[in-house]
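Participant: Here is my input; please provide its structure:
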Amino acid sequence: MSYSDKEILKALSNVIAPDLGKDLVTLNMIRKLKIEGKEISFDLVLTTPACPLKTALENACKNAIKHLVDKDAIIHMNTTSDVTSTKSSSEDALPDVKNVIAVASGKGGVGKSTVAVNLAISLAKNGAKVGLIDADIYGPSIPIMFGMKEVKPQAKKIDEKNYMIPFEKYGIQFISIGFFMDEEQSLPWRGPMASSAIRQFINDTLWGELDYMIIDLPPGTGDIQLTLASAVSITGAVVVSTPQDLALADVKKAVGMFQNPKINIPIIGLVENMSYFSPEDMPDKKYYIFGKGGTEKLSQEKEIEFLGSLPIIEQIRVSCDSGSPISLDEGSESAILFKELSEKVAQQISIINNKKEPKPEETTA
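Facilitator: All right, here's what the predicted structure looks like:
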């Protein structure tokens, strides 16, 4: 017994992608369908790597074919991701990077770098290839958070040009201005000098193929943010805040910058850090030191996704200072929270990428 392409696609059209609200066939997520007797092979193409719904979609595809076509069918499924079609030829500063995520904050001291590093590690633990650029020129923290304060980057010459080789640790690649300066050295750079350094991290570093590039921005809305907006095709921005009004006032400015028509970078969502404190001996007790629910309320006002709350936990601070980020601590409360955060980010990127996909009638051969 053999099946027709029409039978298989009809069965798979019953599988709905929850985030996108459409079936997999309509979304062009079923590709390279081949049928030989009872053997059915195809690619399930996700719109973002490290998708938390990957296993659920795979099982749904198998069940649809087994229940609607033949319970004895032999199914070979290759799950992959492909978002390169959303980029134009002019957006090639990082041509081998599928998604660029800017992690931003309106003001300093809200834990933006902690979120960026643990988000990167959590995505990598879920099977994605991840890079991290520490673009906070004036306050680089990546060398400390990775326990690599004394090392210097290596270079490789290709076609008479020197390229930086990113460091690799905990499953991700990363670079920081902190590797090029002494720990106590300050950088009294004007805007063009800082922007030039960031362009070098983007254009003159051997990143290779990556599913996600996380860019840890400096706080505020200055030259580096504008440089990145013009130099890189940014998929979206994650904005980090704390609950108090002072921080939220600056978050509104950061959101406004990304939503400015001349910049027009999608907001992936808001993260509330230092949301509450729970004593170790009373884990069910929550003290809202900086106020309660401010970031979530702002997300509702701005109609932006709320990605979650992160509590004040001493171990997060200790782990960052010791060069072993908390996301590496399997089973800890904080690692679970960062895993959930990474999954929500991946889901929102899937939605953003789907909106960028050309409609079927616009696709050219």
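
Participant: give the contact list for residue 74.
Facilitator: 38, 39, 40 (Cβ atoms under 8 Å, 6 or more residues apart in numbering). Every C-beta, even on glycine, is put in place using the N, C-alpha and C of the backbone.

Participant: next one: phi and psi at the first one?
Facilitator: Backbone dihedrals for residue 38, given as degrees, to the nearest 10, come out at phi -90, psi 0.

Participant: burial count for it?
Facilitator: For residue 38, the count of nearby residues is 13 (other Cβ atoms under 10 Å).

Participant: Likewise for the last one?
Facilitator: Burial of residue 40 is recorded as 26 neighbouring residues (other Cβ under 10 Å).

Participant: Need the three-state assignment for residue 254.
Facilitator: Residue 254 carries the three-state label helix when classified by DSSP: H, G, I helix; E, B strand; the rest coil.

Participant: swap in the one 4 residues further on?
Facilitator: Reducing the assignment at residue 258 to three states with three-state DSSP gives helix.

Participant: What is the nearest of the contacts of residue 74 to residue 266?
Facilitator: Using Cβ to Cβ, residue 40 is the member of the contacts of residue 74 that lies nearest residue 266, at 36.2 Å.

Participant: Check for me that the closest one belongs to a strand.
Facilitator: Yes. Judged by three-state DSSP, residue 40 forms part of a strand.

Participant: partners of it in the sheet?
Facilitator: residue 35, residue 75 (DSSP bridges).

Participant: quick one: contacts for it?
Facilitator: Applying Cβ under 8 Å, 6+ apart to residue 40 gives the contacts 3, 8, 33, 34, 65, 73, 74, 75, 76.

Participant: My guess is the last one contacts residue 38. True?
Facilitator: No. Under the contact definition of Cβ atoms under 8 Å, residue 76 does not touch residue 38, with a separation of 11.1 Å.

Participant: neighbours of residue 215, just the number please.
Facilitator: 25.

Participant: mind listing what it touches?
Facilitator: With contact set as Cβ under 8 Å, 6+ apart, residue 215 has these partners: 100, 101, 102, 103, 116, 132, 133, 135, 228, 232, 234.

Participant: Can you point out the helix or strand that includes residue 211?
Facilitator: strand 210-216 (DSSP states H and E).

Participant: Beyond that strand, next helix or strand please.
Facilitator: Downstream of strand 210-216 (by DSSP H and E), the next one is helix 223-231.

Participant: Restricting to C-alpha, output that following helix in PDB.
Facilitator: In PDB, the C-alpha atoms belonging to helix 223-231 read as follows (Å, rounded to 0.1, in the frame of the first residue of the first chain):
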ATOM      1  CA  ASP A 223      24.700  55.800  20.200                       C
ATOM      2  CA  ILE A 224      25.300  52.100  20.500                       C
ATOM      3  CA  GLN A 225      21.600  51.300  20.300                       C
ATOM      4  CA  LEU A 226      21.300  53.400  17.200                       C
ATOM      5  CA  THR A 227      24.500  51.800  15.700                       C
ATOM      6  CA  LEU A 228      23.100  48.300  16.100                       C
ATOM      7  CA  ALA A 229      19.700  49.300  14.700                       C
ATOM      8  CA  SER A 230      21.400  50.400  11.500                       C
ATOM      9  CA  ALA A 231      24.100  47.800  11.300                       C
END
